[in-house]
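Chemist: Sequence first, predicted model second:
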Amino acid sequence: MSLKFKKLWAAVPALVIALALSACGNGGGAAPAADAPPAPANGGDTGTQEAAAPAGDAAMDIGGPLDPFSETVTLYLGISTHAAQQFFDGDNWEDNRWTRRIYDDLNINMEVAFSADSTLFDETLRLRLVTGELPDIVYTYDRLFFIEAQRAGHLQPIGPVLQRHATAPVLEYINLFPESFEGASVDGVIYGFPTMNDNFHTGHYIWIRDDWLENTNSAPPVTLEDFINLAHTFTFGDPNGDGSRTFGFAMYNPVSWNMVALLGAHGVPSGWGGIYYHRDGQLTYSFIQPEVRDVLQILNNFYNEGIIDPEFIVKDMSVMETDITNAVVGMFDYRNWGTWYPFNFVFEADDVITRPYPIPVIPGVDFRVGVANNAGGGLHLFSNRTEYPEAFVKIINLFNYLTFESTDPEDFARYWADGQAGLVPVRPIVPNEIYAPEIHAAMQMSSGDHLPAAIRPFFEFVRDFENGTDRSGQAFGTWGQMFERGSMAIALYDYRDQGALVQNVLGGTQPDTMLLQGEILGNIMEVAFTEFIVGSRPLDLFDQFVEDWLANGGAAILAELQEIYLAAD
């Protein structure tokens with residue numbers, strides 16, 4: 001049993017934990033517990049600005065961690081909407097089974113201050129910050145927004161409130177995921193409730209359609225040469241058997257996202273911000289390394305030979321979904337949740353499996369896989385205008401109890417399953433990937449009877465998908481991550497155990513130059529890489545691109561990062 005798994009379950013009876021998350025980072029996991037509140041993570045302060053109990057403690061009876069306020073408290077929400085959210089019984093974002101339960105149990109009324117489609121949410125949130133109309137609770141991945149809001153004094157420090165009002169299982173998250181809480185902190189003070197991260201699974205993989213391998217009598221690639229040859233075969237070997245136009249390797253914008261696996265084969269970790277320690281011990285950026293030129297040359301060859309779609313310049317992932325569903329492309333550089341998205345589309349359409357394989361390697365080269373920093377990820381943030389910040393913590397406590405601690409299976413079915421957890425304005429989000437070793441061991445034993453209650457459903461999904469009794473999207477998604485050669489097994493045994501994982505240095509702290517110039521530098525890079533691939537800019541000018549990147553703020557960013565992160569070490 002893994003160390004973290006043992007720690008998670010050491011203080012929690014197995015049968016009082018409900019099913020954890022069903023998919024790719026949308027939240028969930030087994031709730032830890034503790035006999036007493038832990039010390040702040042890594043000895044840090046959890047929020048010293050708030051020395052005494054808030055005014056709300058004296059103004060009304062707030063009750064215990066799961067008790068209602070004596071008077072109704074209203075919280076205003078900023079909601080990032082998306083079409084995938086399921087509603088039942090006429091529910092909506094403001095009136096649903098969670099808002100009603102929160103009101104009934106805690107006497108907290110939830111109202112939507114504003115809502116915006118997920119593609120526009122960050123822009124809308126930033127406008128709210130400018131006008132000083134930040135709602136009580138928002139969830140964002142935008143670290144620039146977090147830093148700006150904190151500097152402007154708009155955020156509520158949550159550390160002291162957690163220490164006073166959180167249940168022991170909620171407090172234990174600070175000990176189990178210290179880097180995540182560090183990423184939600186400024187000067188040792190916790191300002192947000194973070195997505196808990198365990199980053200071993202955040203590398204890239206090569207995903208390949210089963211039917212194309214079978215139809216062309218091909219084997220999955222092991223070496224970079226194998227990969228290039230298979231890309232040719234998928235392009236010119238009629239993998240659909242109908243003479244249709246096909247492309248061996250998927251390319252879309254941003255183009256750098258399609259280069260991560262190939263860079264890893266060349267020994268350069270990338271992705272997730274791309275800031276890593278170089279061989280000389282200095283911080284550097286993945287996409288300015290000399291090996292990038294070699295990868296661009298491969299992609300330029302692919303472009304000239306017709307192996308990648310010449311229209312990739314105007315395609316993003318939403319457009320690529322159509323090509324995936326219509327069997328236009330067969331090999332992809334993608335992350336661990338591929339069977340949840342986007343390869344679920346081809347499975348649903350044609351019952352065809354697209355599965356992960358390790359990145360190809362170059363003989364004699366130590367491959368490297370860049371993974372996320374555990375201090376990054378999404379953040380629940382809270383306005384400092386809220387009179388009763390205890391309300392945030394009470395909601396977290398209630399969610400943790402109903403979904404992870406309750407012995408009533410109806411609680412899980414009603415408040416977690418079918419995406420209903422996404423309706424909670426603030427909640428613990430824990431990666432299910434931490435359970436992978438236990439699933440793999442159970443599969444070897446052909447039994448999950450010994451597994452704790454929260455893990456057993458994952459085992460059952462994998463088992464039932466493999467034996468053909470469950471072909472649901474949930475079973476397919478879980479299987480792709482958890483089966484014996486799924487993305488989690490590759491991450492653990494092909495990547496981590498071989499010492500190939502390299503954590504991106506960039507956590508929650510970003511220097512001012514990066515905040516100001518990061519988007520500009522990203523645009524410079526994407527334009528240059530596109531031009532290199534299509535041949536409108538010769539690869540002889542790659543060094544000039546690097547000089548331009550450094551001169552336009554890149555050098556200053558690396559110097560500031562060096563000062564921040566090497567000083568911290």
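Modeler: Received, thanks. Numbering: from 1, shown residues only.

Chemist: Show me where the stretch 1-150 of the chain dips below the pLDDT cut-off.
Modeler: For the stretch 1-150 of the chain, the stretches flagged by pLDDT under 70 are 1-59.

Chemist: If we use 50, what do you get?
Modeler: Applying pLDDT under 50 to the stretch 1-150 of the chain picks out residues 1-58.

Chemist: Now do the helices in the stretch 401-550 of the chain.
Modeler: For the stretch 401-550 of the chain, applying DSSP state H, counting those that start in this stretch gives helices covering 409-415, 436-445, 456-466, 473-482, 487-489, 512-534, 542-549.

Chemist: residues in contact with the first one?
Modeler: The set of residues external to helix 409-415 that reach it, using CB atoms under 8 Å, 6 or more residues apart in numbering, is A18, L19, R97, W98, R101, F399, L402, T403, S406, Q420, A421. The way it works is simple: take the backbone N, C-alpha and C, and place the C-beta from them, glycine included.

Chemist: which residues are contacting the strand or helix carrying the fifth one?
Modeler: It refers to R101. In this assignment (DSSP states H and E), R101 forms part of helix 97-106. Contact with helix 97-106 is made by 66-69, 72, 88-89, 91, 108-110, 391, 394-395, 398, 402, 414-415, 420, 423-424, as judged by CB under 8 Å, 6+ apart.

Chemist: Please list only the buried members of those residues.
Modeler: Neighbour-count burial (16 or more other CB atoms under 10 Å) applied to the contacts of helix 97-106 gives 68-69, 91, 108, 110, 391, 394-395, 398, 402, 414-415, 420, 423-424.

Chemist: Tell me the helix or strand right after the helix holding R101.
Modeler: Next along from helix 97-106, by DSSP H and E: strand 108-117.

Chemist: Next secondary structure element downstream of that following strand?
Modeler: Past strand 108-117, the next helix or strand by DSSP H and E is helix 121-131.

Chemist: now that next one: how far from the chain's centre is it?
Modeler: Distance, stretch centre to chain centre, for helix 121-131: 23 Å (CA atoms, centre = their mean, to the nearest Å).

Chemist: That helix packs against which elements?
Modeler: strand 73-81, strand 108-117, strand 137-140, helix 143-151 (3 or more CB pairs under 8 Å, 6 or more residues apart in numbering; DSSP states H and E).

Chemist: residues contacting G237?
Modeler: Contacts of G237 (CB under 8 Å, 6+ apart): T216.

Chemist: Which pLDDT value belongs to it?
Modeler: With respect to pLDDT, G237 has a value of 98.

Chemist: Can I get stretch 83-99 in PDB, CA atoms only?
Modeler: What follows is stretch 83-99, C-alpha atoms only, in PDB (Å, rounded to 0.1, in the frame of the first residue of the first chain):
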ATOM      1  CA  ALA A  83     -22.700  22.600 -20.800                       C
ATOM      2  CA  ALA A  84     -21.500  19.400 -19.200                       C
ATOM      3  CA  GLN A  85     -23.100  20.100 -15.800                       C
ATOM      4  CA  GLN A  86     -26.200  17.900 -15.200                       C
ATOM      5  CA  PHE A  87     -29.300  19.300 -13.500                       C
ATOM      6  CA  PHE A  88     -32.200  17.300 -12.200                       C
ATOM      7  CA  ASP A  89     -35.800  18.100 -11.200                       C
ATOM      8  CA  GLY A  90     -35.700  21.600 -12.700                       C
ATOM      9  CA  ASP A  91     -32.600  22.600 -10.800                       C
ATOM     10  CA  ASN A  92     -30.400  25.400 -11.900                       C
ATOM     11  CA  TRP A  93     -27.100  27.000 -10.600                       C
ATOM     12  CA  GLU A  94     -28.900  28.900  -7.900                       C
ATOM     13  CA  ASP A  95     -31.500  26.500  -6.800                       C
ATOM     14  CA  ASN A  96     -30.400  22.800  -6.700                       C
ATOM     15  CA  ARG A  97     -30.000  19.900  -4.300                       C
ATOM     16  CA  TRP A  98     -26.800  21.400  -2.900                       C
ATOM     17  CA  THR A  99     -28.000  24.900  -2.300                       C
END
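
Chemist: Buried residues in stretch 460-470, which are they?
Modeler: By 16+ other CB under 10 Å, the buried positions in stretch 460-470 come out as E460, F461, V462, R463, D464, F465, D470.

Chemist: For stretch 319-332, buried residues please.
Modeler: Neighbour-count burial for stretch 319-332, with 16+ other CB under 10 Å as criterion, is recorded at M320, D323, I324, T325, A327, V328, V329, G330, M331, F332.

Chemist: Also stretch 213-222?
Modeler: Across stretch 213-222, burial judged by 16+ other CB under 10 Å covers L213, N215, T216, S218, P220, P221.

Chemist: okay if I get the residues you listed as TSV plus distance to W479, pLDDT and secondary structure?
Modeler: Formatted as TSV, the buried residues of stretch 213-222 follow (distance: CB to CB, whole Å; pLDDT from 0 to 100; DSSP: H, G, I helix; E, B strand; the rest coil):
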residue	distance to W479	pLDDT	secondary structure
L213	18	98	helix
N215	22	98	helix
T216	24	98	coil
S218	23	98	coil
P220	17	98	coil
P221	22	98	coil
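
Chemist: From those residues, pick the one nearest Y285.
Modeler: P221 (27.6 Å; CB to CB).

Chemist: That closest one against I359, yeah?
Modeler: No. With contact defined as CB atoms under 8 Å, P221 does not reach I359; the gap is 9.3 Å.

Chemist: Please identify every residue contacting each of those two.
Modeler: Joint contacts of P221 and I359 (CB under 8 Å, 6+ apart) are I206.

Chemist: quick check: angle from the helix holding R101 to strand 108-117?
Modeler: 160 degrees (axes from the mean of the first three to the mean of the last three CA atoms, to 10 degrees).

Chemist: ok now helix 97-106, how far from the chain's centre?
Modeler: With CA atoms, centre = their mean as the basis, helix 97-106 stands 28 Å off its chain's centre.

Chemist: One more: stretch 82-90?
Modeler: With CA atoms, centre = their mean, you get 22 Å for stretch 82-90.

Chemist: ok, now stretch 151-161?
Modeler: Distance of stretch 151-161 from the chain centroid (CA atoms, centre = their mean) equals 24 Å.

Chemist: just stretch 206-221 next, same as before
Modeler: That offset, for stretch 206-221, works out to 28 Å (CA atoms, centre = their mean).

Chemist: mind checking the end-to-end distance for that stretch?
Modeler: Terminal residues of stretch 206-221 are spaced 9 Å apart (CA to CA, to the nearest Å).

Chemist: So which residues make contact with that stretch?
Modeler: Stretch 206-221 is contacted from outside by 226-227, 229-230, 233-234, 237-241, 261, 327, 330-334, 338, 343, 346, 350, 352-360, using CB under 8 Å, 6+ apart.

Chemist: do the same with stretch 67-80
Modeler: With CB under 8 Å, 6+ apart as the test, stretch 67-80 has contacts from 60-63, 93, 103, 105-118, 121, 124-125, 128, 134-140, 386-388, 391-392, 425.

Chemist: Quick one, which of those residues are buried?
Modeler: Of these, these count as buried by 16+ other CB under 10 Å: 60, 62, 93, 103, 105-108, 110, 112-116, 121, 125, 128, 134-140, 386, 388, 391-392, 425.

Chemist: so where do the strands sit in the protein?
Modeler: 73-81, 108-117, 137-140, 185-186, 189-190, 192-194, 205-209, 275-277, 283-285, 331-334, 354-357, 369-371, 379-382, 501-503 (DSSP state E).

Chemist: and S446, which of the ones you listed is closest to it?
Modeler: With CB to CB as the measure, strand 354-357 is the member of these nearest S446 (21.3 Å).

Chemist: about what we covered before: what angle separates the helix holding R101 from strand 73-81?
Modeler: Using the same axes, to 10 degrees: helix 97-106 against strand 73-81 is 160 degrees.

Chemist: Please identify the buried residues of helix 97-106?
Modeler: Neighbour counts over helix 97-106 (16+ other CB under 10 Å) mark W98, T99, R101, I102, Y103, D105, L106 as buried.

Chemist: Looking at those residues, which is nearest D543?
Modeler: For the buried residues of helix 97-106, the minimum distance to D543 (CB to CB) is 54.8 Å, reached by W98.

Chemist: Okay then, goodbye and thanks.
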